[in-house]
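> Below are the sequence and a predicted model for it; my questions follow.
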Amino acid sequence: MAEPQTSRSVELSSQERLLAAAKRLFSGRGYENTSTAMIAREALTSESQLVKHFGGKEGLLEAIFDDGWDRLSAQFPAIDAIPNNRQKLGMILELFLRAFEQDPLLKELMLLESRRMRKASPDVMLTRGYQGFLARIDAILQDMSKQGELKPGLTPVAVRSAVIGMMEGMLREQLLFQRHQGSEPLDREMIRKVFTLIFGALLT
């Protein structure tokens, strides 16, 4: 005889359904064009459950991003074991490319919605997971700076800004080509090649 469902299992199931529904709708319709009523209906639950678990639509978007960052972060210990800092950053790029290929909905949301302004303040949405990712990049670049691996006069923050901007820019351009022209002039190999050349120019 099957065990009765506990309130805990029902609660988790409700959260998972809400996250999956929001991810599909935000990606397909856009964040602004998706209401909490649509999300609740798609998830076969109520708006009160959405508010209970996530506080609202913005909380759902943050939870989607943090879930994506958590899945990426779970693979970082293997990167930490690599002794070469350049290879570490190259592997982080590979993780991004692989993760976005496996989850195109997350790719669309991260690249098109992740810099949304918060309604309650003038701050841009920077999720817990993203800030943790930046801290990891900063630690690698600070170590490279101490080892004299960065070009003279370049700070870790400046290099990080360039590296992150380059990665996001190429991936966003790839996405826009796919969505509007059905082509992909920026495939994984081209992105890797450009990243390696430009990042290499910042190093000694």
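Done, it's in.

> what residues does the longest helix along the chain touch?
The residue-count maximum for a helix in the chain (DSSP state H) belongs to helix 156-180. Helix 156-180 is contacted from outside by 89, 93, 96-97, 100, 107-108, 111-112, 134, 137-138, 141-142, 144-145, 150, 183-187, 191, 194-195, 198-199, 202, using C-beta atoms under 8 Å, 6 or more residues apart in numbering. Backbone N, C-alpha and C define where each C-beta goes, glycine included.

> one more time with 7 Å, if that's ok
89, 93, 96, 100, 107-108, 111, 137-138, 141-142, 145, 150, 183-186, 191, 194-195, 198-199, 202 (C-beta atoms under 7 Å, 6 or more residues apart in numbering).

> Narrow these to those that are buried.
89, 93, 96, 100, 107-108, 111, 137, 141-142, 150, 186, 191, 195, 199, 202 (16 or more other C-beta atoms under 10 Å).

> May I ask which two of those are separated the most?
Taking C-beta to C-beta as the measure, the buried ones among the contacts of helix 156-180 span a maximum distance of 33.2 Å, between Glu108 and Leu150.

> Could you check how far the residue nearest to Asp103 when sequence neighbours are not counted is from Lys88?
Distance criterion C-beta to C-beta, 6 or more residues apart in numbering; nearest residue to Asp103, sequence neighbours excluded, is Gly68 at 7.1 Å. Separation of Gly68 from Lys88 (C-beta to C-beta, to the nearest Å): 20 Å.

> ditto for Leu202
Counting by C-beta to C-beta - Leu202 and Lys88 are separated by 15 Å.

> again, but for Thr45
41 Å.

> With Lys151 instead?
18 Å.

> Those two: which is more packed in?
Each of Lys151 and Lys88 has its neighbours counted (other C-beta atoms under 10 Å); Lys88 has more, 20 against 11.
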